[in-house]
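Peer 1: starting from these lines, generate the structure:
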Amino acid sequence: MAAPRTERLLNLVICLLASTRFLTKDQVRRAVPQYADCATDEAFERMFERDKDDLREMGIPLETGSNEVLFDDEIGYRIPRDAYALPEVSFDSQELAVLGVAARMWQHATLAGATGRAIRKLESAGIDVDRDALSVVEPRIDAAEPAFAALWDAVQQRRRVRFEYARGGGTVAERALQPWGLVSWHGRWYVVGHDEDRDDTRVFRLSRVLGEVSPIGPTGSVVVPDGVDISASVRMLARPAPTQLGRLRIAAGRALPLRRLGTVVVEEPDAVVVDVPYDDVEQLASTVTGFGPAVLAISPVELCDAVARRLTSTLRSLAVAGSGEGA
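Peer 2: Sure, this is the predicted structure:
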């Protein structure tokens, strides 16, 4: 599946999820930018039929029906919010990069670019839109993982990198890596490549990459061996069962994907306190900071320290970027 098709399917999901009513084909065509670009009705029909089949194959509950039960209206489409739940969906590395970048860009205004235009078109046509429904596909900014962009660039440029890495025992070591690709697995980002220090294939969690990722050597110096399956390399990792609980305070109506992972222990007028199981404090810290001020880490101390460290790192990066613009 090409990246433009992935973007089109994402816009279609958001469009059908946000609407409180069934949308006709014509309304969908006007709302989704990629459909509006179709030169003919036949081209749109073929594309729309393929996309509906793709959504159903992914397990997305696409409903058909009419808004007027007493009249023979045109059949419309929608995605019911309560039934929406994605199974494990596989994307290739380019599609994952597109979705990852989209998540980083979205957080600034919840709806941006083509997606925002689609929602505004629905509203301008007098269609009721439930923006809260989009919380079930709420992406977050991985502000605590600035390594994503640098590693993605390195993969594309076939360039070696060096970075500091927090190992499982809490120690930090410097690594020199020939990156082959990025993979998202069970909500975590990994980089796969040849570890020059160990002279072997290794997988690194992006949540454990600390500080800056520094490119080394010339562009094109990394050669990916034939037959390498980076997704299989990540799947071979044993994922330990959660052994600890992190207590978080989540603002009302925010960070719903994170809230669903935990157990509510206190309900406040404008927030809930939840206990979230975890096995990797760096990963949970990355998730917490990704939701910004909507989530506050309460305990344990190691989680609070990890969140504080990541926020401090982000502020320093922003300060450096700001000083550079003013120079």
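Peer 1: only C-alpha atoms from now on, for both contacts and neighbour counts.
Peer 2: Noted.
Peer 1: so where is the chain shaky, pLDDT-wise?
Peer 2: Residue ranges of the chain with pLDDT under 70: 1-3, 59, 67-73, 81-145, 168-170, 186-187, 235-242, 317-327.
Peer 1: can you list the domains in it?
Peer 2: 3-137, 147-235, 244-326 (automatic domain parsing).
Peer 1: secondary structure class for the closest residue to residue 195 other than its chain neighbours?
Peer 2: Excluding its sequence neighbours, the residue lying closest to residue 195 (CA to CA, 6 or more residues apart in numbering) is residue 177, at 4.7 Å. Following DSSP: H, G, I helix; E, B strand; the rest coil, residue 177 is assigned to strand.
Peer 1: now do the strands in this structure.
Peer 2: For the chain, the strands defined by DSSP state E cover 63-65, 76-78, 160-166, 172-185, 188-195, 200-205, 209-216, 244-251, 263-267, 271-278, 295-299.
Peer 1: ok, the third one: who's next to it in the sheet?
Peer 2: Going back to what we said before, that points to strand 160-166. Paired strands of strand 160-166, with direction, are strand 172-185 (antiparallel), strand 209-216 (antiparallel) (DSSP bridges).
Peer 1: tell me the buried residues in the shortest one?
Peer 2: The reference is to strand 209-216. In terms of neighbour count (16 or more other CA atoms under 10 Å), strand 209-216 has its buried residues at 209, 210, 211, 213, 215.
Peer 1: hang on, the third one packs against residue 162?
Peer 2: No: under the contact definition of CA atoms under 8 Å, residue 211 does not touch residue 162, with a separation of 10.5 Å.
Peer 1: can you give me the helices for the protein?
Peer 2: 3-18, 25-31, 33-36, 41-57, 93-106, 113-124, 147-157, 230-235, 256-259, 281-290, 301-326 (DSSP state H).
Peer 1: in the second one, what's buried?
Peer 2: Going back to what we said before, that points to helix 25-31. 25, 27, 28, 29, 30, 31.
Peer 1: tell me which two of those residues sit farthest apart.
Peer 2: Spatial extent of the buried residues of helix 25-31 (CA to CA) is set by the pair 25 and 31 at 9.9 Å.
Peer 1: any residues in contact with both of these two?
Peer 2: Here residue 25 and residue 31 share no contacting residue, scored by CA atoms under 8 Å, 6 or more residues apart in numbering.
Peer 1: related to what we said a few turns ago, dump the strands of the chain into JSON lines; add distance to residue 13 as well.
Peer 2: Written out in JSON lines, the entries for these read as follows (distance: least, CA to CA, whole Å):
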{"stretch": "strand 63-65", "distance to residue 13": "12"}
{"stretch": "strand 76-78", "distance to residue 13": "9"}
{"stretch": "strand 160-166", "distance to residue 13": "37"}
{"stretch": "strand 172-185", "distance to residue 13": "20"}
{"stretch": "strand 188-195", "distance to residue 13": "23"}
{"stretch": "strand 200-205", "distance to residue 13": "29"}
{"stretch": "strand 209-216", "distance to residue 13": "33"}
{"stretch": "strand 244-251", "distance to residue 13": "26"}
{"stretch": "strand 263-267", "distance to residue 13": "29"}
{"stretch": "strand 271-278", "distance to residue 13": "28"}
{"stretch": "strand 295-299", "distance to residue 13": "26"}
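Peer 1: of all those strands, which one is nearest residue 46?
Peer 2: Nearest to residue 46, of the strands of the chain and by CA to CA, is strand 76-78 at 16.2 Å.
Peer 1: show me what the closest one is packed against.
Peer 2: Judged by 3 or more CA pairs under 8 Å, 6 or more residues apart in numbering; DSSP states H and E, strand 76-78 is in contact with helix 3-18, strand 63-65.
Peer 1: can I get these in CSV with distance to residue 271 and mean neighbour count?
Peer 2: Converted to CSV, these look like this (distance: least, CA to CA, whole Å; neighbours: other CA atoms under 10 Å):
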stretch, distance to residue 271, mean neighbour count
helix 3-18, 24, 20
strand 63-65, 33, 14
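Peer 1: ok, which of those comes nearest residue 185?
Peer 2: Across the helices and strands packed on strand 76-78, closest to residue 185 is helix 3-18 (CA to CA), at 17.9 Å.
Peer 1: and the closest one, what does it pack onto?
Peer 2: In terms of contacts (3+ CA pairs under 8 Å, 6+ apart), helix 3-18 is packed against helix 25-31, strand 76-78, helix 93-106, helix 113-124.
Peer 1: cutoff 7 Å now
Peer 2: Judged by 3 or more CA pairs under 7 Å, 6 or more residues apart in numbering; DSSP states H and E, helix 3-18 is in contact with strand 76-78, helix 93-106, helix 113-124.
Peer 1: about what we covered before: determine which stretch of the helices of the chain is the most buried.
Peer 2: helix 281-290 (a mean of 24; mean count of other CA atoms under 10 Å).
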